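A.B. asks: whatever this is, show me its structure:
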Amino acid sequence: MPKIKTKSSAKKRFSLTGTGKIKRRHAYKSHILTKKSKKRKRNLGYVAIVDKADVKAVKQMLNC
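C.D. replies: Prediction:
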């Protein structure tokens, strides 16, 4: 059997933590920032953990 390739899009968007959780960035922080509050933009900057419901699909894309 050939090796399964990692999805390039997932490789760029997700990374694993030391404990095996998957980190992700928040959406909606790239443009039209003038109408968003300081608090909202600040909170979008922080890294988030992928939800339990999506972990299986993301791990399959990352082949881990």
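A.B. asks: wasn't Met40 part of a helix?
C.D. replies: In this structure residue 40 is Arg, not Met. Yes - checked against DSSP: H, G, I helix; E, B strand; the rest coil, Arg40 lies within a helix.
A.B. asks: give the contact list for His26.
C.D. replies: Asn43, Leu44, Gly45, Tyr46, Ala48 (Cβ atoms under 8 Å, 6 or more residues apart in numbering). Any C-beta I mention is one placed from the backbone N, CA and C, and that applies to glycine too.
A.B. asks: per-residue confidence at the second one?
C.D. replies: As summarised for this prediction, Leu44 has a pLDDT of 96.
A.B. asks: what's in contact with the helix or strand harbouring it?
C.D. replies: Leu44 belongs to helix 38-45 when elements are defined using DSSP states H and E. The contact list for helix 38-45, computed with Cβ under 8 Å, 6+ apart, reads His26, Ala27, Tyr28, Lys29, Leu33, Lys36.
A.B. asks: buried ones in it?
C.D. replies: Within helix 38-45, the residues that count as buried by 16 or more other Cβ atoms under 10 Å are Leu44.
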